[in-house]
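Enquirer: only the shape, not the letters, is given here:
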């Protein structure tokens, strides 16, 4: 009788294991299915060089208030460089970072902090989206009249310092 109970328990274990192995794994959430497309900012006419230079000046002025040495890049709606400035003493590594923050912001039509937040909450796929994507604060889309007209990126300080400088400039575009 004891052998019969052991055999029955073993059979139950085999059946339960086989049933578990056949259960499909649940898929991780992919951001849900919103009713409206997020970050759906229509493209407008790219800002001109004079506006890009003015944005550099605004950002530089803000950085100087705090004695932050920044690299500042302004790009068109496609993410291509319009104007760039490296303040005296700004680190060389941040040249490409500032340009890629601006490029990321323009091409994905959102602030780069969005990617930083996704990466920090475990969404590792972010680094697979684009080789030049920067998932760090400091890149802002330039939106005029509800349309994307370019983007600005800053690098050289902490992410929050970079964001503060670039946001000041981006906020001048209405």
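Expert: Looks like it arrived, so ask away. What you are looking at is a predicted structure, and each value in this text was computed from that prediction instead of being measured.
Enquirer: tell me which element residue 151 is part of?
Expert: Assigned by DSSP states H and E, residue 151 belongs to strand 147-155.
Enquirer: just residue 114 next, same as before
Expert: Using DSSP H and E, the element containing residue 114 is helix 113-120.
Enquirer: go through that helix and flag the buried ones.
Expert: 113-116, 118-119 (16 or more other C-beta atoms under 10 Å). Any C-beta I mention is one placed from the backbone N, CA and C, and that applies to glycine too.
Enquirer: which one of those is nearest to residue 147?
Expert: Set against residue 147, the nearest of these by C-beta to C-beta is residue 114 (19.1 Å).
Enquirer: distance check, that closest one against residue 90.
Expert: Relative to residue 90, residue 114 is positioned 25 Å away (C-beta to C-beta, to the nearest Å).
Enquirer: re the thing from before, name the helices or strands packed onto the strand holding residue 151?
Expert: Other helices and strands packing on strand 147-155, by 3 or more C-beta pairs under 8 Å, 6 or more residues apart in numbering; DSSP states H and E, are helix 49-65, strand 71-75, helix 94-108, strand 139-144, helix 159-170.
Enquirer: in stretch 59-78, what's buried?
Expert: Taking 16+ other C-beta under 10 Å as the criterion, stretch 59-78 shows 59-60, 62-63, 68, 70-77 as buried.
Enquirer: repeat for stretch 40-50
Expert: In stretch 40-50, counting by 16+ other C-beta under 10 Å, buried: 44, 46-47.
Enquirer: how long is that stretch from one end to the other?
Expert: End-to-end distance of stretch 40-50 (C-alpha to C-alpha, to the nearest Å): 27 Å.
Enquirer: same thing with stretch 68-85?
Expert: Stretch 68-85: ends 14 Å apart by C-alpha to C-alpha.
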